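**Student:** give me a model of this one.
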Amino acid sequence: GSHHGAHAFAAGVHEVEHGEPPQAHARRSRIADRMRAINEGLEGALPSLAGNNSGSEGGNSTKGSFQGASSLPRPFASAYTASPASFTGGGSLLGTSYGTRSSAGSLPGRELTESKPIRTNNVNIQNTEFVSLGVSPYGRSRDDVLPTLGGKLTPDVVKANFLTDAHLKKLETTYADASVQEVASSYGVTPILSPISEALKTSAKGGAAYELIHQGTHAAQELRRQVLREGAVVIITTGSMGKRFVYERLEQLGVNTYIIDGPDSWAQVLEDEGVIERFLPVDMTDSSKTLELCANAIQSLIDHDGVEVDGIATFCEIAVPLASRLAEIFGLPGNPSSAVDAARDKHATRIAVANAGLPSVQSRMLPSPETLVRLPSNHDNRIVRKKFVANMTEEHLNLDKLLEIGGQIGYPLVMKPVSGAASIGVLKVESAEKLSTAYLKVLRDVFRAKVNAGALVMGSDDEDDDVDSVANGNGGGGRSEADAAQDWPTIMLEEYLDGEEVDVDVILSEGKSVYNATSDNWPCEEPWFNETGDNAPCLLGLEIERALETVGVDCCHALGLTTGVFHVELKATSRGPRLIEVNTRMGGGPVRDINLRVNGVDLVEEHIFASVGIPCNPPFRIAVDGSEASSRRAEDRDPLDCVAGYTLNAPKTGTVTEGAEAVIMKWAEVSYVLSAEVFVHPGDKVTSKADGLPTWMGEIRVHGDTAADAKDRAEKMRDTLLAEILPFIR
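**Tutor:** Numbers count the residues shown, from 1 in each chain. Okay, here's the model as predicted:
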């Protein structure tokens, strides 16, 4: 008590002498104390971690007292053993958050077994439940899991919980004519110091600890984890329960995680279970206030709870623009919001890449619907627009203008929304005769698309308009003109790229590329570009692989990106590497697992390192420091494992019947199968590529002695699955 009183007195004196409020002075004192502790920890950790380690920045360690595979997620250690038995029959590559999933919402070992109340600004919503998945605004997708809470989910609750394109439009206009400082000032927030990033900035650059923390060894990785431990990170939007592994990994790393999301988010479950420190509910009903409410929530965390926030991050596509702006406002590490916006706008990406002198793709923007479409007089009403689009024909189009722009590109071409995800609204057009039909189809698909816990998924034509409009942030009526404008998609045309498609996962740290890893994408289900499978490592050859990675990294730099994990999609065309798009976040689906298993790199922890200002340089394909592999150049190291995955696209349109799950799940018993997942269930409607964007029915992942071996196993499995699943679609 006397100590506290003395501290308060000292703070008061400081305010009188220096004009600084006691609260701000106390914060500075806490930050200074923590910075000292971090720097002392850096030096103190050297004897136990570094020893005689002489590893270089590239991870070419030759000696060192630190032995072992660091603290990778524990089940991953089996990747270094001869037998994959621990991964079969529902086993997990990364623990309870990944593996066999036999029904929506079933995660091995961590099922929700009881009803929990939701807290919304300290108000319990006990008698509320989510409607069935068939009509839920979340829709059904591979990651679709919702808590069962009892009652009924009302439209008012729905619209409070979704980030949408309307929110993104508001973010753009908020920043249009104001500086970051002006925006921060208008919201009443103040830039803060991240103890972690500030400690590293002020540490002796010539010191042994500073040198070690930049190296690509397990010893350096352990040091980076020690610096991160007890750090405070704010995550924007939880995402679906399929992202649970992210929060479990942050808990393992000792991160104090705070999640900002809509008031009925399942983040409450994570808090109740002690996986995260706290869930901060924010009402997202009014898109014009979302940035302000999120900023105020963070400021309150700092001022009233004494939390020294080290970073702001997200693992959800639609939340990236919001997270980047919040990081800017608070002066925390991250990418410029302008770079994030350019990456999410596919046409702006093309311009940035061309302006940087990089290999570019010919593209054209289509005019607004007001120019291309003969609209009804009451088209400002969203429900009227949706019904109009569903029944549009060529008679409603200005065909001459559409064909003129198509002719400038040439055929075949690709039509796609400027901003989108999950291949929704992306269509290959073979000829001018098919251009108008394609345009009508893309418009319908975009109007049917909806936000699913931070991701974009396809809805159906027969869903309730009121619920659907609310789920898209529209409130079912009384919407502003700016929000209404978002319903008309901006569409572009670009040249069709031949060749093989790849994914390049990139980590940028302090503006430099410290990790690139390429995996092959199998040919898509054209004309829809739905994914069918993948394998890693890449089988195109080292020269082509390096050329693709160089272009991928250069495109990130051309957009102005500097920090974190990026999922870059490219094609190895007959003219050389060409960019498809840059995703300013960790890739979804199995991307994290692929990188971890093949290369020993955990993209979750690397993204968090970057978000708090810790240098990234993960040990690449090194099981143990001092091993023979660590003495080789990175490109000469053998993969830790080789994997492939097959995604089952519905072979025909119809309804799933009993027995389909068993057809997929029986593969979990095969020795080389790592995981099996089912995405559909009896009674679900599925679509084949002959009738629209194909439905993913399931996914099976395997491994092999080589990438070619893994791919061969997955392809043979594909041929069998396609024949066996047909009788279970009626």
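
**Student:** what about residue 219, distance to residue 678?
**Tutor:** For residue 219, the distance to residue 678 (CB to CB, to the nearest Å) stands at 42 Å. C-beta here means a position set from N, CA and C on the backbone, and glycine is covered the same way.

**Student:** so those two - more neighbours on which side?
**Tutor:** residue 219 (27 against 24; other CB atoms under 10 Å).

**Student:** tell me which helix or strand the more buried one sits in.
**Tutor:** Per DSSP states H and E: residue 219 is located in helix 218-228.

**Student:** using CSV, list the CA coordinates for that helix.
**Tutor:** Provided in CSV are the C-alpha atoms of helix 218-228 (Å, rounded to 0.1, in the frame of the first residue of the first chain):
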residue,chain,number,x,y,z
HIS,A,218,16.6,-23.4,-33.4
ALA,A,219,18.6,-21.6,-30.7
ALA,A,220,17.6,-18.3,-32.2
GLN,A,221,14.0,-19.4,-32.6
GLU,A,222,13.9,-20.3,-28.9
LEU,A,223,15.3,-16.8,-28.1
ARG,A,224,12.6,-15.2,-30.2
ARG,A,225,9.9,-17.3,-28.4
GLN,A,226,11.3,-16.2,-25.0
VAL,A,227,11.0,-12.5,-26.1
LEU,A,228,7.5,-13.1,-27.2
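
**Student:** rounded mean pLDDT for that helix, please.
**Tutor:** Per-residue pLDDT values over helix 218-228 give a mean of 92.

**Student:** and the pLDDT for residue 187?
**Tutor:** Reported pLDDT at residue 187 in the predicted model: 74.

**Student:** the stretch 451-600 of the chain: helices as residue ranges?
**Tutor:** With DSSP state H, counting those that start in this stretch, the ranges of helices along the stretch 451-600 of the chain come out as 465-471, 481-485, 542-559, 591-599.

**Student:** what is the neighbour count of the nearest residue to residue 341 once chain neighbours are set aside?
**Tutor:** Residue nearest to residue 341 in three dimensions, not counting chain neighbours: residue 321, with 6.2 Å by CB to CB, 6 or more residues apart in numbering. As a burial measure, the neighbour count of residue 321 was computed by other CB under 10 Å and equals 24.

**Student:** contact partners for residue 321?
**Tutor:** In this structure, residue 321 makes contact with 168, 171, 337, 340, 341, 344, judged by CB atoms under 8 Å, 6 or more residues apart in numbering.

**Student:** turn the buried ones among these into a named ChimeraX selection, would you?
**Tutor:** Only the buried members of these end up in this ChimeraX selection, burial being decided by 16 or more other CB atoms under 10 Å:
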select :168,171,337,340,341,344
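
**Student:** the longest helix seen in the chain: which residues count as buried?
**Tutor:** Secondary structure assigned by DSSP state H gives helix 22-49 as the longest helix of the chain. Buried residues in helix 22-49, counted by 16+ other CB under 10 Å: 22, 25-27, 31, 34-35, 38-39, 42, 45-46, 49.

**Student:** quick one on the thing from earlier: out of the contacts of residue 321, who's nearest residue 650?
**Tutor:** Relative to residue 650, the closest of the contacts of residue 321 is residue 344; by CB to CB it sits at 29.2 Å.

**Student:** my guess is that closest one contacts residue 320. True?
**Tutor:** Yes. The criterion here is CB atoms under 8 Å, and residue 344 meets it with residue 320 at 7.2 Å.

**Student:** which stretches in the stretch 201-350 of the chain count as strands?
**Tutor:** The residue ranges that make up the strands of the stretch 201-350 of the chain, judged by DSSP state E, counting those that start in this stretch, are 232-236, 256-261, 278-281, 309-313.

**Student:** do the stretch 551-700 of the chain as well
**Tutor:** Listed in chain order (using DSSP E, counting those that start in this stretch), the strands of the stretch 551-700 of the chain are 564-573, 576-583, 642-649, 654-655, 673-678, 685-686, 696-704.

**Student:** so what's residue 439 up against?
**Tutor:** With CB under 8 Å, 6+ apart as the criterion, the residues that contact residue 439 are 366, 372, 397, 402, 415, 491.

**Student:** can I get the residues you listed in TSV including secondary structure and distance to residue 595?
**Tutor:** Written out in TSV, the entries for the contacts of residue 439 read as follows (DSSP: H, G, I helix; E, B strand; the rest coil; distance: CB to CB, whole Å):
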residue	secondary structure	distance to residue 595
366	coil	36
372	helix	42
397	strand	44
402	helix	41
415	strand	32
491	strand	33
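
**Student:** looking at those, which is nearest residue 701?
**Tutor:** Lowest distance from residue 701 to the contacts of residue 439 (CB to CB) belongs to residue 415, with 31.6 Å.

**Student:** and the closest one, how many residues sit next to it?
**Tutor:** Burial measure for residue 415: 22 neighbouring residues, criterion other CB under 10 Å.

**Student:** same question for residue 408.
**Tutor:** Counted by other CB under 10 Å, the residues lying close to residue 408 total 12.

**Student:** apart from its chain neighbours, what residue comes closest to it?
**Tutor:** With sequence-adjacent residues excluded and distances taken as CB to CB, 6+ apart, residue 408 is closest to residue 364, at 5.7 Å.

**Student:** and the gap between the one you found and residue 347?
**Tutor:** Between residue 364 and residue 347 the computed distance is 9 Å (CB to CB).

**Student:** okay, and the common contacts of those two?
**Tutor:** The contact sets of residue 364 and residue 347 overlap at residue 492 (CB under 8 Å, 6+ apart).

**Student:** pull out the buried positions in the helix or strand harbouring residue 199.
**Tutor:** Assigned by DSSP H and E, residue 199 falls within helix 195-202. For helix 195-202, the neighbour count (16+ other CB under 10 Å) marks 195, 196, 197, 198, 199, 200 as buried.

**Student:** quick one: residues in contact with it.
**Tutor:** Contacts with helix 195-202, where a contact means CB under 8 Å, 6+ apart, come from 31, 34-36, 38-39, 42, 210, 213, 227-228, 231, 308, 310-311, 332-333, 612-615.

**Student:** if we use 6 Å, what do you get?
**Tutor:** Counting by CB atoms under 6 Å, 6 or more residues apart in numbering, the neighbours of helix 195-202 from elsewhere in the structure are 31, 34, 35, 38, 39, 231, 308, 310, 333, 612, 613.

**Student:** cool, stretch 178-192 as well?
**Tutor:** Judged by CB under 6 Å, 6+ apart, the contacts made with stretch 178-192 from elsewhere in the structure are 292, 295, 299, 328, 329, 330, 331.

**Student:** go with 8 Å
**Tutor:** With CB under 8 Å, 6+ apart as the contact definition, stretch 178-192 has outside contacts at 24, 27, 174-175, 291-292, 295-296, 298-299, 302, 308-309, 325, 328-332.

**Student:** tell me the contacts of the residue lying closest to residue 672 once chain neighbours are set aside?
**Tutor:** Spatially, and ignoring its direct neighbours in sequence, residue 672 is nearest to residue 702 (5.1 Å; CB to CB, 6+ apart). For residue 702, the contacting residues are 643, 644, 645, 670, 672, 673, 674, 710, 713, 714, 717, taking CB under 8 Å, 6+ apart as the criterion.

**Student:** list the contacts for the closest residue to residue 523 other than its chain neighbours?
**Tutor:** Closest residue to residue 523 apart from its sequence neighbours, by CB to CB, 6+ apart: residue 532 at 6.6 Å. Residue 532 makes contacts with 522, 523, 524, 525, 646, 647, 649, as judged by CB under 8 Å, 6+ apart.
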